[in-house]
Structures are given as structure tokens and as C-alpha cells.
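> sequence first, then the predicted structure, then my questions.
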Amino acid sequence: MGVLNALVIGIALALPAGGYSLLESLRAVAGRVTLEPQITVFLPAEATRAQAETIGGKLRADRRVVELRFLPREEALKELSAVQGMPELVRALGRNPLPDAWVISARAGMLDDLAKDLRQMAGVAHVQADAQWARRLQALAGLGRVGLWLLAAILGAGLIAVTFNTVRLQILTQRDEIEVARLIGATDAFIRRPFYYAGLLQGLAGGVIALLIVAVALALLNREVAPLAASYGSAFRFAYPTLGDAAAITLFAAALGWLGAHLSVSRQLRDVG
Amino acid sequence: MVNFSNVSKLYPGGQEALKDVSFALGAGELAFLTGRSGAGKSTVLRLIPAIERPNRGTVIVNGQNVGALKRSAIPYLRRNIGQVFQDQKLLHDRSVFDNVMLPLAFSVHAPREAARRARAALDKVGLLARERAHPVQLSGGEQQRLAIARAVVNRPSLLVADEPTANLDAESAARIIDIFVSFQQVGVTVLIATHDQALIERYGGKVLRLEAGRVA
């Protein structure tokens, strides 16, 4: 029994578990940037505050607008300066190159429609709708999730097969003992119990090994990611599985081990008679 | 204790091992089951702990109709029957002591009490000094006595043995039968299948003779 089998199970489970961790980390970043449909309306650089307010009034009257925020050019410059490396650039420019802008949250499903109308509006220089890349990202994340579930299902079946086989071999080597125990009054439950425990333990050990592999892999990745993220002024790190996720993975592995043992025991013990 | 009435046993393939067999064995009796090879001795011994089921007739053991027992009830029936198998079925990968411990694993749960009973059973068959040995290190007679120790460790009220003296010299065989007699003397019902006529004459218990599947 043992260590090698648990290792096989651990490696197999580490793939979907690690993939899940990566995807969750990326999703968190995407969520922080923006996943709710947003439109930014840029005014011409020479527009006055009065002109900006006129457009703001029109926007406020539009029922497709849920939330409206004015972003004055001074504040936009301040935000830009906060990004690493930017203050020098701004200083070199000598003046504020940024225009005033309105940031709009649109009612669900009306973003494209609204963006189209805004582009026609007089006194608007540029309209940027963030929906498309957000939608793409979400679709990609969805695809990744489905892929991971498929992978988990396939490797889960593999885990059941591995346990099935170990328990089968174990029953074969203990055939004499099982036969004698039955003849002298052991119940089926008594004969089955150790094999269920073995399957459960093997799955459990596999789950723990999978978590260790994922943790080590993420730590190694984070060591490389840290300087890369810093160069973009970000503190991004891949997040380790939460306690809940870790528990779920271990329990899942243990349950699959139990199931593999169950299938094997039911089948083999019928043969032993 | 054991009651066969009109029992027939047909094996798959049409071989009729027992034909209309009836006999009764009272509590505390010692009986020899004799007959030539293939006369049906082993079949009788296999019907008692429900290893086989009769095709016709009823087998009553300790008041229970064994042929009608549910599968889940059979283990509890077997715990009250000590069996010495023709091929002994000793486990060669473990010590003498651990062989005797096996039946206690599912009946006695306190380890100290189980060990005490295993040693008592080994003492009764004169193998206490050899508890650390492995079955292969024992002589034929010692292996047979180990099989008896395992059969009696659960203190059954019925003891059945299939050819327990086969392949043993006269002295070892006599020692085996003495052990069975000592169990009968403390109230255990004993049924021994054997074709050793000399042995039967010496001990003179009840004799059931099987001939071609019938009680002669």
C-alpha cells in the first residue's frame, strides 16, 4: 500500500487543485479592476467646467445611468502620479495632458446601447466602454473553470481506479485470512472494514500531498511573480487555497478513496466466496 | 444439539453427496462419523456451520434451522461451532499465537482478555511453549493441535473435526483424540469424521456410518 500510491493520487489531484488556485487568484485581480460594466466619457481637453456640467446634467437625466461620478483632470493627474515611475514623466510634460471625464455605471444589458448614444453626443471627445474585455475575461475564466472540472473528474476517476487496484491486490494477498475468518464466524462488515479504512486513508494522504504540492508550487511562482508585479506597481501574489478549499480537497480525496475501496471490496469479496 | 432429518445434498453437476440422511446428536455427546472417502462425511460437516445448504430436509443446530438462516445470521452461528478443517487452514504468515487470536478479533474485544484466552487454549492442547513459532515449524501433530486450539478458543458448545488424525502416527493420533475427549468431558458436543476404524473401536463413542450418501 502506501506512500507511492498516495503520491500518485497527490500528483493527480495537484493539477486541478493548483489550477483552481491560479484561476481564483486571477479572478480576484480581474474583479478588482472592474467586472461591472463601466463607461468612461472623456471631454475635450479644452472643455470648461460649465460644459462638463452640461453633459453631466444630460447623463443624470438618462435612465440607463445607474451611477455617475465626475473625475476632474487634476484628480486624474494625481491618480496617474501615484503609479510608480509616473511622477517623473508627468513632471517632464510640464502640463496636465488629461481631460475631464465622467465615469458611468450602466444598467445591466444597456451598456452598448448607452455607449453608442454617448458617442453621438456633442461636446464628447471619446467614449470608452469596458464591457468587452470584461466579458472576454469572464468567458475565459468560465472556460478555465469548466476545463478544471473536467480535469478533476477525469483524475478523480483515476484516483478511484488506483484505490480499486491497491485494495484488490491487498485482498488477493489476504485471501487465506479472509476465507478462514469467514469460515469461523467473521461478519462481512468485519472483513470489509480494514479495506475501507485503507482506501480512506490513502485518499486522505493523497489529498494532503496534493495540497503540499500546490503550496510549494505557488510559493515558487510567487517568488518570481513578486518582482514582476512590483515592476507594474502591483502587489499581486497567487493566493494559497483557503482553509475551506483545503478541507474540501482533502475530504474529496478521502471520499474517492473510500469509493474505490467500496467498489473493489464488493467485487473481490464476491469472488472469494 | 445437532439434528439431521431427511437431508439430501446435490452438488452442481448432479453428484448426490447425501441421500435422505437422518440422525441426531445430543448435547455433550461424542460421535464418530465414518465411511469411505466420498461417502459424504465432509458434506455433513459442511452442512452444520452452513458452509453448504441442504437441497432437501432440515439441519437443526442448537435449535436453529441452519438451512433457512439468513446470510447475515450465519457468522453468529459459526462462532458457536468450533471447526477443525481437513486441510487445517492455518495462516502460515503469522505465529501460532496469532493464529489462535484470529477468532477472538471479532468476538472478544478487550486485548488482554483475548490474549489470556488464546494462551488458555494453547495450554489445553500443549502448545503454550510454542506460541512464538510459525505453523511451518510445527510437526503434523502439533499443527493439528493448533487447529484445535483455534477451534475451541471461542468456547463453542459444538466441535466438529474433519479427519483430524489423517497422516498422523498412532501416538499423535491418540493424543488428538484424547484432547477431543477432554472437551466432551466438560460438556462440549463433539463430532469427528474419520475412517480410522481402530481409533473408533478404542474410544467407543457413538458411531454414524455413511455409505454412498446414506446412513448405514
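Done, it's in.
> pull the number of nearby residues for whichever residue of chain A sits closest to chain B.
Nearest residue of chain A to chain B: A:G185, at 3.6 Å (C-beta to the nearest C-beta). In this view, the C-beta of every residue, glycine as well, is placed from N, C-alpha and C. Neighbouring residues of A:G185 were enumerated by other C-beta atoms under 10 Å in any protein chain shown; the total is 22.
> which ones are touching it?
Contacts for A:G185 were tallied using C-beta atoms under 8 Å, 6 or more residues apart in numbering or on different chains; they are B:75-79, B:103, B:106-107, B:154.
> can you tell me which of these are in helices?
B:75-79 (DSSP state H).
> any of the residues you listed buried? List them.
Buried by 16 or more other C-beta atoms under 10 Å in any protein chain shown: B:75, B:77-79, out of the ones in helices among the contacts of A:G185.
> and the gap between the residue of chain A closest to chain B and B:I51?
Separation of A:G185 from B:I51 (C-beta to C-beta, to the nearest Å) stands at 12 Å.
> can you check A:T166 too?
A:T166 is 30 Å from B:I51, by C-beta to C-beta.
> then B:V125?
Per C-beta to C-beta, B:V125 is found 24 Å from B:I51.
> can you give me the strands in chain B?
Under the criterion DSSP state E, strands of chain B are mapped to B:2-10, B:16-25, B:30-34, B:56-61, B:64-65, B:81-84, B:158-162, B:189-193, B:206-211, B:214-215.
> same deal with the stretch 1-150 of chain A?
Assigned by DSSP state E, counting those that start in this stretch, the stretch 1-150 of chain A shows strands spanning A:38-42, A:65-71, A:101-106, A:126-129.
> reformat those as a markdown table; add mean pLDDT.
Below are these laid out as a markdown table (pLDDT from 0 to 100):
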| stretch | mean pLDDT |
| --- | --- |
| strand A:38-42 | 86 |
| strand A:65-71 | 87 |
| strand A:101-106 | 87 |
| strand A:126-129 | 84 |
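> now do the contacts for the residue nearest the centre of chain B.
Geometric centre of chain B, nearest residue: B:V160, 2.3 Å, by C-alpha atoms, centre = their mean. By C-beta under 8 Å, 6+ apart, B:V160 lies in contact with B:45, B:48-49, B:81-84, B:190-193.
> between those, which is closest to chain A?
The closest of the contacts of B:V160, once distances to chain A are taken by C-beta to the nearest C-beta, is B:Q83, at 6.5 Å.
> and that closest one, what's its pLDDT?
Looking at B:Q83, its pLDDT is 96.
> and A:A115, by the same measure?
84.
> what count of nearby residues applies to it?
The number of residues near A:A115, taken as other C-beta under 10 Å, comes to 21.
> how about it: what's its closest non-neighbour residue?
Of all residues not flanking A:A115 in the chain, A:A129 sits nearest, at 4.1 Å (C-beta to C-beta, 6 or more residues apart in numbering or on different chains).
> same question, B:A147
B:Q88 (4.5 Å).
> same deal with A:E177?
B:L91 (5.7 Å).
> again, but for A:V214
A:V214's closest residue in space is A:G18 (C-beta to C-beta, 6+ apart), at 4.6 Å.
> so what's that neighbour up against?
Residues counted as contacts of A:G18 (C-beta under 8 Å, 6+ apart) are A:213-214, A:217-218.
> need the longest helix for chain B.
Secondary structure of chain B per DSSP H: the longest helix is helix B:170-185.
> show me what counts as buried in it.
Quick answer for helix B:170-185 (16+ other C-beta under 10 Å): B:172-177, B:179-180, B:183-184.
> and these as CSV, adding distance to B:L10 and pLDDT?
Converted to CSV, the buried residues of helix B:170-185 look like this (distance: C-beta to C-beta, whole Å; pLDDT from 0 to 100):
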residue, distance to B:L10, pLDDT
B:S172, 37, 90
B:A173, 33, 90
B:A174, 37, 89
B:R175, 38, 90
B:I176, 33, 92
B:I177, 33, 91
B:I179, 35, 93
B:F180, 31, 93
B:F183, 33, 93
B:Q184, 33, 93
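> ok, so of these, who is nearest chain A?
B:F183 (16.6 Å).
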